[in-house]
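# 3D, please:
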Amino acid sequence: MAFVLHVDGPRWTGRVHELMDQDRDLVPVIKGNGYGLGPKRLAAAADAANADVVAVGTALDAAAISATYNGTVLVMQPWHPATSANTSAGPTSITTLAHPDAVTAFSQQRTGASVVIEVLTSMRRHGVSAEDLAGLLRPLESLTVKGFALHLPLDVDGDQVRVRETISWAARLSDAGLDPQVLWVSHLTAGELAAVRAALPAMRIRSRVGTSLWIGDAEAFTVEATVLDVHRVAKGDRVGYRQQAAPKAGYVLVVSGGTAHGVGLEAPVPPRGVVRRGRALVRTGLEVAGRSPSPFRLAGQRLWFAEPPHMQVSMLWLPEDVAPPAIGSPVPCQVRMTTSYFDRIEGI
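Just a heads-up that it's a prediction; the model follows:
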């Protein structure tokens with residue numbers, strides 16, 4: 001029983017090196033499940049591409065790659081004395097600070113330590129506000145400031161919104177006397193990054209990149225489940241934990257891949273626009289009726305869940321006019337890599 005990710009290793013490795021060579025200020029992001037590939041594997045790839053620094057989500061992420069990455073690690077989750085007092089990402093790490101009181105406390109506890117100060121962008125997740133910048137001057141004197149970070153929103157209305165926000169924050173930092181020689185930015189497109197660098201030629205702009213670096217080439221990946229069992233059913237036959245009735249005659253296909261692998265899990269996305277709202281309404285109606293499309297495909301069609309996926313397997317409806325596969329056969333599956341875990345990764 002296996003839920004397997006197949007990777008075109010040469011294609012994937014070549015693309016990572018190409019992107020890193022095109023922009024030596026690119027900062028690979030390694031966090032969470034390692035974008036489906038695993039954090040240690042990504043750390044080794046970043047090391048092989050001679051990345052001088054990588055960004056991780058938490059101090060625990062930093063510890064997880066300590067044996068496979070030899071450069072500097074930027075921890076993006078902000079340190080705060082109320083939540084992080086007993087955590088440490090290691091002597092070669094850079095700590096992110098995003099609150100005035102955290103800057104003061106950290107400067108008193110770890111004189112000389114390397115830090116990045118995150119500012120409060122329109123994303124409004126973490127960051128020091130513009131009004132609090134001047135108050136950072138004195139406590140930062142006892143720290144090694146490696147720059148200032150801007151975590152920008154993904155969805156924006158209009159062109160150049162993120163560019164204008166980045167340039168605006170650079171001006172605010174300069175006006176406060178903080179000398180922003182390095183800006184660490186997230187979620188700028190290639191065009192936006194070029195525009196920011198052109199507008200701020202005296203500053204080093206380091207772009208933190210995860211998704212587009214590691215899994216931007218979807219054709220380099222293939223996910224396959226394994227057929228574990230096949231059962232013929234008549235219309236109305238009850239199946240599964242919840243005893244769903246078969247909508248018509250056909251088969252119940254039992255395949256590897258369940259919630260433990262991330263099957264059936266997805267990040268919620270606000271349904272903006274008429275088309276997205278329409279799709280959301282259709283999906284909701286189907287779920288109310290007990291029908292949910294699965295990420296598994298066979299004979300050119302998407303299969304439906306017979307019931308919500310189990311921890312390690314899924315039960316699927318297979319139409320009567322489709323020849324049932326043999327036990328042990330592979331079944332293609334399309335999953336969100338950032339929420340997926342695989343029993344085996346092949347090719348890299």
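# Only C-alpha atoms from now on, for both contacts and neighbour counts.
Will do.
# which residues in the stretch 101-250 of the chain form strands?
114-118, 144-151, 182-186, 204-209, 221-233, 238-239, 244-245, 250-256 (DSSP state E, counting those that start in this stretch).
# Lowest average pLDDT across the ones you listed?
Per-stretch mean pLDDT for those is lowest at strand 244-245 (a mean of 94).
# How far away from the center of its chain is that strand?
Once both centres are worked out by Cα atoms, centre = their mean, to the nearest Å, strand 244-245 turns out to sit 36 Å from its chain's centre.
# what residue ranges in the stretch 1-150 of the chain score low on pLDDT?
1, 85-91 (pLDDT under 70).
# go with 90
Where the stretch 1-150 of the chain drops to pLDDT under 90, the residues are 1, 84-92.
# Which residues are in contact with residue 208?
Residues in contact with residue 208, defined by Cα atoms under 8 Å, 6 or more residues apart in numbering, are 26-29, 55, 184-187.
# so how far is residue 327 from it?
44 Å (Cα to Cα, to the nearest Å).
# Please enumerate the helices of the protein.
In the chain, the segments counted as helices under DSSP state H are 9-22, 39-48, 59-64, 81-84, 100-109, 137-140, 161-175, 190-199, 211-214, 273-288.
# Give the buried residues for the first one.
Of the residues in helix 9-22, those buried under the neighbour-count criterion (16 or more other Cα atoms under 10 Å) are 12-13, 15-17, 20.
# before we move on, what about the fifth one?
Buried positions in helix 100-109, judged by neighbour count with 16+ other Cα under 10 Å: 100, 102-107.
# Is residue 69 in contact with residue 50, as I believe?
No. Using Cα atoms under 8 Å, residue 69 makes no contact with residue 50, being 9.9 Å away.
# neighbour count winner among the two?
residue 69 (24 against 16; other Cα atoms under 10 Å).
# what's near enough to touch the more buried one?
Applying Cα under 8 Å, 6+ apart to residue 69 gives the contacts 43-44, 46-47.
# The strands of the stretch 101-250 of the chain into TSV, with extra columns for distance to residue 318?
Listed next are the strands of the stretch 101-250 of the chain as TSV, based on distance: least, Cα to Cα, whole Å:
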stretch	distance to residue 318
strand 114-118	51
strand 144-151	45
strand 182-186	43
strand 204-209	40
strand 221-233	9
strand 238-239	13
strand 244-245	13
strand 250-256	5
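# Between these, which one is closest to residue 342.
strand 221-233 (8.9 Å; Cα to Cα).
# now for the closest one, which elements pack on it?
With contacts defined as 3 or more Cα pairs under 8 Å, 6 or more residues apart in numbering; DSSP states H and E, strand 221-233 has these neighbours: strand 4-7, strand 250-256, strand 330-333.
# would you turn the ones you listed into TSV with distance to residue 293 and mean neighbour count?
Output for the helices and strands packed on strand 221-233, formatted as TSV (distance: least, Cα to Cα, whole Å; neighbours: other Cα atoms under 10 Å):
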stretch	distance to residue 293	mean neighbour count
strand 4-7	21	20
strand 250-256	14	23
strand 330-333	12	19
